[in-house]
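Undergrad: take a look and give me a structure for this.
(2 chains)
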Amino acid sequence: MEYSINTFEKLLEECRINNKKIYEIMQEKEAYDLEITVETVREKVYKNILAMKAAIKNGINSKEKSYSGLCGDDCYKLKEKYSKVPSLFGKLYEKITMYSLATTEENLRMNKIVACPTAGSCGIVPAVIIALSEEKELTKDDEINALITAGTIGFVVSSKVAMAGAVAGCQAECGVASMMAAASVVQILGGNEFQIVNAAALAIKNLLGLTCDPVAGLVEIPCVKRNAFLAVHAITAAELALADIESKIPPDEVIDAMVQTGQLMSPLLKETSKGGLSLTKSGILLNERLGK
Amino acid sequence: MKQRSLFDVISPIMIGPSSSHTAGAVRLGLLVKNIYELTPKRVKFILYNSFAQTGRGHGTDKGLMAGLFGYGVDSDHIKNIFTMHQVQNTVYSYEYAQNPDRHPNSVDFILDGEINMKISGNSIGAGKVEIIKIDDFDVKIRGEFNTLLLFYKDKPGMISKVSTLIQDENINIASLECDRNARGQTASMCICLDSEISADIINKIQKIDDVYFVRNVKKLED
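TA: Numbers count the residues shown, from 1 in each chain, chains lettered A, B, ... in the order given. Modelled structure (predicted):
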C-alpha cells in the first residue's frame, strides 16, 4: 500500500484509519515501494536478525582487542562479573548489557554486524530484541515484528535528519538506536501504537545534545560502553510509555528539537574528534600514542 | 525523488566499525569502479573534513580501496585489503584535506590509466552515498538505480535521441539530469532507470554522433 509516514502523527493516523499495527503499515509500504511481497520484506528483515544473533554469538566469547588495542574485552569482563555476582536486575538485564557490548566489540574488530541504524550504534537494538526474545521465548514472527517496528521509528526520523554523527552528533546514532529499541520493547510487550511512538520520543528527549567526540577518531571510546547504557535507557523509556506516561512535547516536535539541537552543536563535537572526550588530556595522549 | 526504505535503517550487514566511514567508503569505491570500469594504474584518494580527521581510525582508507576493487561492505577482505595482490600491483596514495565547502564525509578519487578521471563523492549517512562530480561535471549518482551516464557534445536533440532508444525498450526513466560546461561544448546526462538496460541499447547510444562516453552504472546491492 502507498502510505505516507514521514511524521509520527501521519504514522499513527495511518494505523488508526486502517486499523493496523505500525509494523503492518511499514511492511506493506516497503513491499509497495520495492515492488516485492510482504513475505519477502519479512524474510529480508529476518536475515538481519540472524546476522545480529551471529554477531552476539561471536562477540560474547571473544576478548580479541581492536586494532588500536584500546577496547575489545569489556563484554568478557562483564560476563565474568555476572558469573560471580549476578546483576541486581536479573537475567534480562545481564543479557541486554552483555549483548550490546558483544555486538559493538565485534564491530570495532572489523567483523560482521548489522548497522542499526549505524555501525557505531549497532549494539542497542539487537541487544534488546534478542535478550527479550530469549527471556520471553518469542517466535520468529515476534522478532520480525519487533525489528520492523524499530526500523519504522528510524525511518520516520530519517525523513528529518541524516543518521550520521557528523550531521547531528550521537543523537542521530545511539540516540536513534535507543528510540528504536524502546519502540521494539513496547511492541514485544503488547503496547499500543501511541505507546510505541511515545516510548521513542521519551528515549530521545533524554538524549538531546549527545555529542560525537570519539577519542582518536575511533568508534571505541565512548561508543562501546554507550551502547550498553542506551540499550538499558530504552527499557526505561518503554516502561514509562507502557504506564501511559506521555511526553508532554509531542513526538514530532521532539524530533524537531533534536534536529535543531544537532544544527546548533559545534562541528567540533560532531565526529571530528576535535572536542569533548577526544580533547581531554588523556584523549590527546591516546591519539598521539596511536599516531606513532 | 529520493525514495527511502526500511532497509536504510536496519541494514546493511557490514564489516565495522562505521557505517558512514567504513561501509559508506566501500560503497563509494564500488560506484567509482562501476563508473571507471577499468583497472586504474594509479589512484590518489583525497579525503576531506571528517573523512580526513577520523578516516584512518574508521578504516575509511581500506574501505575506499576495497570498493574500488569490487569487494562489498560485508567482505572479509576489507580488513586486510592492503595485502591483496591486485592492490599491491596498483600505485596508490592518500591525502588529507580540510574544505568547509565540501560535505563532512567527502572524497576525491583521482584515477590514472587507460583514461584519466577525477570522481568526487560523499558518504551521506547510514552507509548511503552519492557521486557528485565527474571531472568538471556535476552529476548525481547514488547507486539506488541503474544509471546511464553520458558525456556528449551539447547540441539540440540529444536528450530526445537517447530517451527514444530507452523508450523503445519499454524502460521507464525514473529521473534525468543534465549539466554542461558551456553552450556547444561537452555536456553530461545522468538517467536513472527503473530496470536493466541491454548491452544492445548501450551500443546504439554509443553510436549516436557526438556521444563521447557512455557508462551503464549498475546500482549497488544492499
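Undergrad: please make it C-alpha for all contacts and neighbour counts, starting now.
TA: OK.
Undergrad: how about residue B:205: what's its closest non-neighbour residue?
TA: residue B:162 (6.4 Å; Cα to Cα, 6 or more residues apart in numbering or on different chains).
Undergrad: tell me the helix or strand right after the one helix or strand that neighbour maps to.
TA: For residue B:162, the enclosing helix or strand under DSSP states H and E is helix B:158-168. Next along the chain after helix B:158-168, taking DSSP H and E as the criterion, comes strand B:173-180.
Undergrad: let's verify residue 130: helix, strand, or coil?
TA: Because you didn't say which chain, this covers chain A. helix (DSSP: H, G, I helix; E, B strand; the rest coil).
Undergrad: not quite, go with chain B.
TA: strand.
Undergrad: can you name the residues bridging to it?
TA: On the basis of DSSP bridges, residue B:130 is bridged to residue B:122.
Undergrad: surely it and residue B:28 touch.
TA: Yes: the pair residue B:130 / residue B:28 is scored as a contact, 7.4 Å apart, by Cα atoms under 8 Å.
Undergrad: compare those two (neighbour count), which wins?
TA: residue B:28 (34 against 21; other Cα atoms under 10 Å in any protein chain shown).
Undergrad: enumerate the residues of chain A near chain B.
TA: A:26, A:30, A:33, A:45, A:48, A:51, A:106-120, A:148, A:151-152, A:154-155, A:162-164, A:166-167, A:216-219, A:271-273 (Cα under 8 Å from any Cα of the partner chain).
Undergrad: low-confidence regions, chain A specifically.
TA: The model of chain A has pLDDT under 70 over residues A:291-292.
Undergrad: quick one: the strands in it, in order.
TA: All strands of chain A, identified by DSSP state E, fall at A:112-114.
Undergrad: center of it, which residue is that?
TA: Nearest residue to the geometric centre of chain A (Cα atoms, centre = their mean): residue A:177, 2.1 Å.
Undergrad: ok, now chain B?
TA: Geometric middle of chain B (Cα atoms, centre = their mean) lands on residue B:31, at 3.3 Å.
Undergrad: surely residue A:277 is in contact with residue A:283?
TA: Yes: counting by Cα under 8 Å, residue A:277 touches residue A:283, with 6.1 Å between them.
Undergrad: hey, what's in contact with both of these two?
TA: Jointly contacting residue A:277 and residue A:283 under the rule Cα atoms under 8 Å, 6 or more residues apart in numbering or on different chains are residue A:215.
Undergrad: right, is stretch B:35-52 up against chain A?
TA: Yes: residues of stretch B:35-52 are located near chain A by Cα under 8 Å from any Cα, namely B:49-50.
Undergrad: buried sites along that stretch?
TA: B:35-36, B:39-40, B:43-52 (16 or more other Cα atoms under 10 Å in any protein chain shown).
Undergrad: care to break chain B down by domain?
TA: Domain ranges of chain B: B:19-135, B:146-217, per automatic domain parsing.
Undergrad: kindly reformat those as CSV containing mean pLDDT.
TA: Output for those, formatted as CSV (pLDDT from 0 to 100):
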stretch, mean pLDDT
domain B:19-135, 93
domain B:146-217, 91
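Undergrad: most tightly surrounded among those domains?
TA: domain B:19-135 (a mean of 21; mean count of other Cα atoms under 10 Å in any protein chain shown).
Undergrad: how long is that one end to end?
TA: End-to-end distance for domain B:19-135: 27 Å, by Cα to Cα, to the nearest Å.
Undergrad: quick one: it to chain centroid distance?
TA: 10 Å (Cα atoms, centre = their mean, to the nearest Å).
Undergrad: circling back to that earlier point, the helix holding residue B:162 to strand B:173-180, inter-axis angle?
TA: Going by axes from the mean of the first three to the mean of the last three Cα atoms, to 10 degrees, helix B:158-168 is angled at 160 degrees with respect to strand B:173-180.
Undergrad: give the next helix or strand downstream of the helix ranked longest in chain B.
TA: Criterion DSSP state H: the longest helix present in chain B is helix B:24-36. Note on helix B:24-36: by DSSP H and E, the next helix or strand toward the C-terminus is strand B:42-48.
Undergrad: what are the C-alpha coordinates of that following strand, in CSV please?
TA: Extracted C-alpha coordinates of strand B:42-48, given in CSV (Å, rounded to 0.1, in the frame of the first residue of the first chain):
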residue,chain,number,x,y,z
ARG,B,42,47.5,4.8,-10.3
VAL,B,43,45.0,6.1,-7.8
LYS,B,44,45.1,9.0,-5.4
PHE,B,45,42.4,9.5,-2.8
ILE,B,46,41.8,12.9,-1.2
LEU,B,47,39.8,12.7,2.0
TYR,B,48,38.1,15.8,3.3
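Undergrad: please enumerate residues in contact with it?
TA: B:55, B:90-99, B:102-113.
Undergrad: could you do stretch A:79-87 as well?
TA: By Cα under 8 Å, 6+ apart, stretch A:79-87 touches A:93-94, A:98.
Undergrad: list just the nearest of the residues you listed to residue B:211.
TA: Residue B:211 lies nearest to residue A:98 out of the contacts of stretch A:79-87, by Cα to Cα, at 58.6 Å.
Undergrad: which of the helices or strands spans the residue sitting furthest away from the middle of chain B?
TA: Relative to the centre of chain B, and counting by Cα atoms, centre = their mean, the farthest-placed residue is residue B:156 at 27.5 Å. Secondary structure from DSSP H and E places residue B:156 outside every helix and strand.
Undergrad: phi, psi of it?
TA: The phi and psi torsions at residue B:156 (degrees, to the nearest 10) take the values phi -60, psi 140.
Undergrad: how close does it get to chain A?
TA: Going from residue B:156 to chain A by Cα to the nearest Cα, to the nearest Å gives 35 Å.
Undergrad: hmm, back to that, can you list the domains of chain B in CSV and add distance to residue A:188?
TA: Shown next, in CSV, are the domains of chain B (distance: least, Cα to Cα, whole Å):
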stretch, distance to residue A:188
domain B:19-135, 26
domain B:146-217, 37
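Undergrad: how about those domains, which one is nearest residue A:226?
TA: Of all the domains of chain B, domain B:19-135 sits nearest to residue A:226, with 16.9 Å by Cα to Cα.
Undergrad: around the closest residue to residue A:182 other than its chain neighbours, how many other residues sit close by?
TA: Once flanking residues are discounted, residue A:182 sits nearest to residue A:234: 4.3 Å by Cα to Cα, 6+ apart. Burial measure for residue A:234: 29 neighbouring residues, criterion other Cα under 10 Å.
Undergrad: does residue A:234 really touch residue A:184, like I thought?
TA: No: in this structure, residue A:234 is not within contact of residue A:184 by Cα under 8 Å, at 9.2 Å.
Undergrad: you'd agree residue B:148 is in a strand?
TA: Yes: counting by three-state DSSP, residue B:148 is found in a strand.
Undergrad: list the contacts for it?
TA: B:189-193, B:214-217.
Undergrad: closest to chain A among these?
TA: residue B:193 (14.2 Å; Cα to the nearest Cα).
Undergrad: report the contact partners of the closest one.
TA: Here residue B:193 is in contact with B:145-148, B:171-175 (criterion: Cα under 8 Å, 6+ apart).
Undergrad: could you check how far it is from residue A:72?
TA: In terms of Cα to Cα, residue B:193 sits 44 Å off from residue A:72.
Undergrad: likewise for residue A:47?
TA: 26 Å.
Undergrad: which of those two has more neighbours?
TA: Between residue A:47 and residue A:72, counting by other Cα under 10 Å, residue A:72 is the more crowded of the two (26 against 15).
Undergrad: and that one, what is it in contact with?
TA: Per Cα under 8 Å, 6+ apart, neighbours of residue A:72: A:62-66, A:105-106, A:108-109.
Undergrad: list the contacts of whichever helix in chain A runs longest.
TA: Determined from DSSP H, the single longest helix within chain A is helix A:38-60. Contacts with helix A:38-60, where a contact means Cα under 8 Å, 6+ apart, come from A:27-28, A:30-31, A:75-76, A:98-99, A:102-103, A:105-106, A:112-114, A:126, A:130, A:140, A:143-144, A:147-148, B:10-11, B:13.
Undergrad: cheers, nothing more for now.
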